[in-house]
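Peer 1: Here is my input; please provide its structure:
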Amino acid sequence: MIKPLSNRRAIREEREITKIVTKIIIGFLAVAALATGAVGYYMQQSLAGAGAAATTGLVIVIIIVAAAIGAIGALLAVFILLPVRKIEQSAEQIARGNFEVQVYNGKLTKGSYKNSDELVRLMMAFEVMRRKVTEVDANLNKQIKMKTFDLQRINDELVEKEKVLQRANARLTGQSEDLKKMNEELSAKNKELSEANEKLQRLDKMKTDFILVAAHELRTPIQPIMGSVKLAEKGLISNEQAWKSIVTEAKRLSTVATYILDVGKIESGNISYDMKPLSVSELVERISSSSTKFATQDGMISIKIDLDEDVRIMGDRERLVQAFANIIDNAAKFAKNGTITIQTINNDDEGVVEIKIRDDGPGIPDEIMPVLFNKFVTKTKENERGTGLGLFITKSIIEAHSGKISAENNADGKGATFTVSFPIHEKGEVASMSLTD
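Peer 2: Residues are numbered from 1 along each chain as shown. The predicted structure follows:
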């Protein structure tokens, strides 16, 4: 940028020029005085004895010579030293970036250049150079302004484009979040549909199994009933025999219907329990007294009871009696003319009471043991019919009471032992030992 001289700077430069001129004039006057003194001294010596008129003339000559020398010094300062000093100052200002300092104020023409002395030509050349530099500087400044304007315009366009990109990015981010949310919702829905589909498949299989088992188990008791009626009509058996067979199969039909309904409730989660504190000793007494298969076709079944200190558990009395009755009836079916032992053991370390039911029958076949508590598992021997639902129902009831059930064949090779454990709710009095036949 071009920087014009301030008034203060111009005044300071004029003072410096005045000082220089004054010093030059004083210097020339001093030299003139010394020269005049020297000339006067020698002339005085040579004119010794001359008259007053001669002396006065000599003084006038000295004054004229001194004035001439001073005038020459002044002219030298004005026409040589001042222009040189001005060129020097202008060069300093130009070096600092100030191109407005003029070295030559006159017209710059070819004629004036030819008619000027070397010093003036130097000043004119310097002025031409200054003006060229000023013009170049102005052009450069103009180009810089234009480029600056272009750069500012480009920068504004970039800023605007960046804003557009930011808005687009914000929209894309929002869309990405929406898509992510939709994807999560779809995944959740797919998971729900998958779970619902699996549940429907399980329910469909349950329905199919239920229909098959119901049809088979309900048809099985009906056939002997119909056969007994036909035999009685033909007089092949007595009415008493027919009636006895009909009652037996009717009870079996009732049991099958009850099992099927219980399985449906268990698998649908609709079975309910009335939980209350129960005495284990009283529960065992109730189980042994409610069993219906102490007397079988093969003879009598003896039941022995061995009770530990009485404790209480939380449970539904009727459901637990149903569960244990299934175990005892199953044991009695295979024990035949044998003994069933019911034993209770309190495990204080684990806080549970164990109820063990042991028979001395043939034991559980190895191929059945792994699936003993599944649905529709029966022994495949003739005249040993069953629904295959009793132990499944028993396991479900016991687990609903936070209990566990397991089975194993006895070490002596005679019979099997079912072990059922429940958390102890509270301890009671020592139970009495009893034996029930």
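
Peer 1: shouldn't Ile398 be in contact with Val420?
Peer 2: Yes. Under the criterion of Cβ atoms under 8 Å, Ile398 makes contact with Val420 at 5.8 Å. Every C-beta, even on glycine, is put in place using the N, C-alpha and C of the backbone.

Peer 1: Overlap of the contact sets of these two?
Peer 2: Contact criterion Cβ atoms under 8 Å, 6 or more residues apart in numbering; residues bridging Ile398 and Val420 by contacting each: Lys404, Ile405.

Peer 1: what's the average pLDDT for the helix or strand containing Arg252?
Peer 2: In the assignment (DSSP states H and E), Arg252 maps to helix 239-268. Averaging pLDDT along helix 239-268 gives 78.

Peer 1: Counting neighbours, show which residues of that helix come out buried.
Peer 2: 242, 245-246, 249, 252-253, 255-256, 259-260, 262-263, 266-267 (16 or more other Cβ atoms under 10 Å).

Peer 1: Would you tell me what the next helix or strand after it is?
Peer 2: strand 276-279.

Peer 1: what is the mean pLDDT for stretch 368-388?
Peer 2: In this model, stretch 368-388 has a mean pLDDT of 65.

Peer 1: Okay, angle between the helix or strand where Met226 lies and helix 239-268 too, please.
Peer 2: Assigned by DSSP H and E, Met226 belongs to helix 118-233. Per axes from the mean of the first three to the mean of the last three Cα atoms, to 10 degrees, the angle that helix 118-233 makes with helix 239-268 is 170 degrees.

Peer 1: what is the mean pLDDT for helix 118-233?
Peer 2: Averaged across helix 118-233, pLDDT comes to 83.

Peer 1: Save the buried residues of helix 239-268 as CSV, and put in distance to Leu186 too.
Peer 2: Converted to CSV, the buried residues of helix 239-268 look like this (distance: Cβ to Cβ, whole Å):
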residue, distance to Leu186
Ala242, 66
Ser245, 62
Ile246, 61
Glu249, 56
Arg252, 53
Leu253, 51
Thr255, 49
Val256, 46
Tyr259, 43
Ile260, 40
Asp262, 40
Val263, 37
Ile266, 35
Glu267, 31
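
Peer 1: just curious, which of the residues you listed is nearest to Arg130?
Peer 2: Glu267 (109.4 Å; Cβ to Cβ).

Peer 1: how near is that closest one to Gly403?
Peer 2: 19 Å (Cβ to Cβ, to the nearest Å).

Peer 1: Span of stretch 355-369 from start to end?
Peer 2: Distance across stretch 355-369, first residue to last, is 20 Å (Cα to Cα, to the nearest Å).

Peer 1: who's in contact with that stretch?
Peer 2: Applying Cβ under 8 Å, 6+ apart, the contact partners of stretch 355-369 are 280, 284, 324, 327-328, 331-332, 334-336, 338-345, 372, 377, 379, 407, 409-410, 413-422.

Peer 1: is it true that Ile303 lies in a helix?
Peer 2: No. Ile303 is assigned strand when assessed by DSSP: H, G, I helix; E, B strand; the rest coil, not a helix.

Peer 1: Around it, count how many other residues there are.
Peer 2: 22 (other Cβ atoms under 10 Å).

Peer 1: Distance of it relative to Ile328?
Peer 2: For Ile303, the distance to Ile328 - Cβ to Cβ - is 8 Å.

Peer 1: Would you mind measuring from Glu426 to Asp316?
Peer 2: Glu426 is 17 Å from Asp316, by Cβ to Cβ.

Peer 1: would you say Ile364 is within a strand?
Peer 2: No. The assignment for Ile364 is coil, going by three-state DSSP, so no strand is present there.

Peer 1: from now on call the first residue 365
Peer 2: Right, with 365 as the first residue, what we last looked at is Ile728.

Peer 1: Just give the number of residues close to it.
Peer 2: Neighbours around Ile728, by other Cβ under 10 Å: 19.

Peer 1: And the pLDDT at it?
Peer 2: Predicted confidence (pLDDT) for Ile728: 86.

Peer 1: before we move on, what about Leu799?
Peer 2: At Leu799, the pLDDT value in this model is 35.

Peer 1: quick one: buried residues of the strand or helix carrying Val717?
Peer 2: Val717 is part of strand 716-723, with elements assigned from DSSP H and E. Neighbour-count burial for strand 716-723, counted by 16+ other Cβ under 10 Å, picks out Val716, Val717, Glu718, Ile719, Ile721, Arg722, Asp723.

Peer 1: quick one: average confidence on that strand?
Peer 2: When pLDDT is averaged over strand 716-723, the result is 92.

Peer 1: relative to strand 716-723, how tilted is the following helix or strand past it?
Peer 2: Following strand 716-723 in sequence order, the next helix or strand is helix 754-764 (DSSP H and E). For helix 754-764 against strand 716-723, the angle by the same axes, to 10 degrees is 170 degrees.

Peer 1: Report the next helix or strand after helix 754-764 in sequence order.
Peer 2: Next in sequence after helix 754-764, counting helices and strands by DSSP H and E, comes strand 768-773.

Peer 1: tell me what that following strand is packed against?
Peer 2: Secondary-structure packing of strand 768-773 (3 or more Cβ pairs under 8 Å, 6 or more residues apart in numbering; DSSP states H and E): helix 754-764, strand 780-787.
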